[in-house]
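Engineer: Kindly return the folded structure for what I paste below:
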Amino acid sequence: MGRGRTYRPVDRVLTVGYAPMAHQRPMHTSVARFKVIVGGRRSGKSKSLLHEGLRHCLETDNALAWWVAPTYAEAREIGFEEFMHTYPDVQPVISNLHRANMRVEFINGSKLYFKGADRRDSLRGRGLTFCILDEAAFLARDIWHKILRPALADRKGRAAFGTTPNGRNWLYALYQGGIKEGWERFLWPTQLNPLITQEEIDDMAADMSEMDYRQEVLAEFVTRSGQVYLDFNAENQIDIFKVNRIDHEIYISADFGYANPAAVLFFAVDKKTSNVVQWDEIYGARMTITQIESQIAQKLAAVNLNPRDVLAVYTDPAGNAEEITSGISPVDQLRKTYEVHNRGTEIAPGLALVRSFIRNALGVRKYFIVKKCVETIRSLEGYVYPESRGEVIDENPLKDGINDHCCDALRYFFVNRFDHARWLTSRIEQKSYTTQVSAGKKTLKRCMTCNGTFLSSTMKNRPPFMCGACEQKAAIEG
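Structural biologist: Numbers count the residues shown, from 1 in each chain. Next comes the predicted model:
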């Protein structure tokens, strides 16, 4: 590792094992009262923010600093865990460490708290001297404007924001205004981190749509407006397709409805290339599950398949509800014949996954649809984000009851079939996208360095992206 940073707490010199990379140094040397860091994945935002907070606490007597993350779970897993990696270096100047409630007390009277914005009552107070807003773009606007900013007023406190972009919301407006007096802004795309190889960058590009790559890697503010699947076009549409059990894995996904239309989609996954072809569909209102099941059997028989050839049926969690006409839920009925999975999914990461198959950042398409699937094609072309009103931009597509059924069924397939453990949640369809993960729920992630799996309390598209062992190794080698 590098030489490390030197702090002067009380009357001693303390050297900690952190050597800022070239792109991080200007932020640390800036004298601005408010610093806004917008960065891509693994650009070093969280580590830099922590050391800004530590320096403040160690060099300011009786400081009161908060680390605020979108959720309490993220505050613990990202902020407090990062602090614990540094703890051996700063232990000599810590008087009390309260692990349960994530409070650090220093011998000079300073205190550092780790908090989650999902527990708003814990954010009320005055007299802050420093505030760190981790993944600030995923916080509600009034967390900053109505709660944290006023808390900094009486002691003229400072603040540091660090985030991946999340559309053009309030943080975008704040970042754009970062040139005013007392503010400074910093842009850290992932490529600035010398620990991230070009091979890793290329792998991320292959797994993301161009829009998501621009946001998550290049750290650009892209607006979620207009068509959700903007890259879907004639290049994804094919005239005919011959499905067979030898070359393809067969799947079905469904979004159930009765008064509203039900959408049932049929997929073939190429065993060699993992390309996906949607080869048929069922779409219509006021169909009982018995009628739907009969149509599914007919569709399979028409291409010389039978129910045993279907590896899985993916449905929405609402499919557990009993159908009034039969007294049995659609899921329970289908389970008599098929392997059925119907867990909840996070909306926005699922949309990103579908976009990456429609066309990834390298221009490669891996999702194709037979032209006879007219309802799905119509839905993909008509699936849009709601129009923005004022500063608030809804990052979820419009639920219009027309284009969402096929698109929901499409998303259920992709998030379940492709590395689904990284995308599943215990909650049913969030109304608005946040980074929350239900209490006690763990997400299985794949380490971007060793390719091994590890459990995390945050969503797949939120840090950490490396397992603990690789994080520690990277810190040592850095």
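Engineer: Run through the residues that contact residue 313.
Structural biologist: 251-254, 334, 338-341 (C-beta atoms under 8 Å, 6 or more residues apart in numbering). Heads up, the C-betas are built off the backbone N, CA and C, glycines and all.
Engineer: Now do the helix or strand hosting it, average pLDDT.
Structural biologist: Here residue 313, judged by DSSP states H and E, is contained in strand 310-315. Computed over strand 310-315, the mean pLDDT rounds to 95.
Engineer: Next: stretch 195-208.
Structural biologist: Average pLDDT, stretch 195-208: 89.
Engineer: Just the CA atoms from that stretch would do, formatted as PDB, please.
Structural biologist: Output in PDB follows, covering the C-alpha atoms of stretch 195-208 (Å, rounded to 0.1, in the frame of the first residue of the first chain):
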ATOM      1  CA  LEU A 195      -7.400  -1.100  -9.600                       C
ATOM      2  CA  ILE A 196     -10.200  -1.700 -12.200                       C
ATOM      3  CA  THR A 197      -8.800  -3.300 -15.400                       C
ATOM      4  CA  GLN A 198     -10.100  -2.600 -18.900                       C
ATOM      5  CA  GLU A 199     -11.200  -6.200 -19.000                       C
ATOM      6  CA  GLU A 200     -13.500  -5.500 -16.000                       C
ATOM      7  CA  ILE A 201     -14.800  -2.400 -17.800                       C
ATOM      8  CA  ASP A 202     -15.500  -4.400 -20.900                       C
ATOM      9  CA  ASP A 203     -17.300  -7.100 -18.900                       C
ATOM     10  CA  MET A 204     -19.600  -4.400 -17.300                       C
ATOM     11  CA  ALA A 205     -20.300  -3.000 -20.700                       C
ATOM     12  CA  ALA A 206     -21.400  -6.400 -22.000                       C
ATOM     13  CA  ASP A 207     -23.700  -6.800 -19.000                       C
ATOM     14  CA  MET A 208     -25.400  -3.400 -19.300                       C
END
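Engineer: Buried ones among the contacts of residue 313?
Structural biologist: 251-254, 334, 338, 340-341 (16 or more other C-beta atoms under 10 Å).
Engineer: Closest one of those to residue 127?
Structural biologist: residue 341 (50.6 Å; C-beta to C-beta).
Engineer: which residues make contact with stretch 186-204 from outside it?
Structural biologist: Residues from elsewhere that reach stretch 186-204 (C-beta under 8 Å, 6+ apart): 21-24, 26-27, 35-45, 213, 216-219, 362, 448, 474, 477-478.
Engineer: cool, stretch 95-106 as well?
Structural biologist: Contact with stretch 95-106 is made by 9, 57-58, 75-76, 79-80, 83, 87, 93-94, 107, 111-115, as judged by C-beta under 8 Å, 6+ apart.
Engineer: count of neighbours near residue 170?
Structural biologist: Using other C-beta atoms under 10 Å, residue 170 has 20 neighbouring residues.
Engineer: Pick the one among the contacts of residue 313 closest to residue 411.
Structural biologist: Minimum separation from residue 411 among these (C-beta to C-beta) is found for residue 253, which lies at 8.4 Å.
Engineer: and the gap between residue 203 and residue 333?
Structural biologist: Distance, residue 203 to residue 333, by C-beta to C-beta, to the nearest Å: 41 Å.
Engineer: More neighbours: those two, which one.
Structural biologist: The neighbour count for residue 203 versus residue 333, taken as other C-beta under 10 Å, is higher for residue 333 (19 against 12).
Engineer: Would it be right to say that the more buried one lies in a helix?
Structural biologist: Yes - when the secondary structure is assigned by DSSP: H, G, I helix; E, B strand; the rest coil, residue 333 falls within a helix.
Engineer: Pop the domain breakdown of this structure in here.
Structural biologist: Split into domains by automatic domain parsing, the chain comes to 5-212, 234-434.
Engineer: comparing the ones you listed, which gets the lowest mean pLDDT score?
Structural biologist: Across the domains of the chain, the lowest-scoring stretch is domain 234-434, with a mean of 83.
Engineer: Nearest spatial neighbour of residue 307, chain-adjacent residues omitted?
Structural biologist: residue 337 (5.0 Å; C-beta to C-beta, 6 or more residues apart in numbering).
Engineer: Tell me, how many residues neighbour that neighbour?
Structural biologist: Residues near residue 337, counting by other C-beta under 10 Å, number 15.
Engineer: my guess is it is in a strand, correct?
Structural biologist: No - secondary structure assignment (three-state DSSP) places residue 337 in coil, not in a strand.
Engineer: how near is it to residue 415?
Structural biologist: Look at residue 337 and residue 415: by C-beta to C-beta, they are 23 Å apart.
Engineer: that older thread, now, the most widely separated pair of the buried ones among the contacts of residue 313?
Structural biologist: Maximum pairwise distance in those, criterion C-beta to C-beta, is 13.0 Å, between 251 and 334.
Engineer: Render the CA-only coordinates of the helix or strand that contains residue 175 in PDB, please.
Structural biologist: Assessed by DSSP H and E, residue 175 sits inside helix 170-176. Provided in PDB are the C-alpha atoms of helix 170-176 (Å, rounded to 0.1, in the frame of the first residue of the first chain):
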ATOM      1  CA  TRP A 170     -32.600  16.700  -6.900                       C
ATOM      2  CA  LEU A 171     -29.000  15.600  -6.700                       C
ATOM      3  CA  TYR A 172     -28.500  16.400 -10.300                       C
ATOM      4  CA  ALA A 173     -29.700  19.900  -9.700                       C
ATOM      5  CA  LEU A 174     -27.400  20.200  -6.700                       C
ATOM      6  CA  TYR A 175     -24.400  18.900  -8.700                       C
ATOM      7  CA  GLN A 176     -25.100  21.300 -11.600                       C
END
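Engineer: what's around the residue lying closest to residue 135 once chain neighbours are set aside, how many residues?
Structural biologist: Counting by C-beta to C-beta, 6+ apart, residue 135 lies nearest to residue 163, which is 5.1 Å off, once chain neighbours are set aside. As a burial measure, residue 163 scores 23 neighbours (other C-beta under 10 Å).
Engineer: Alright, I will stop here.
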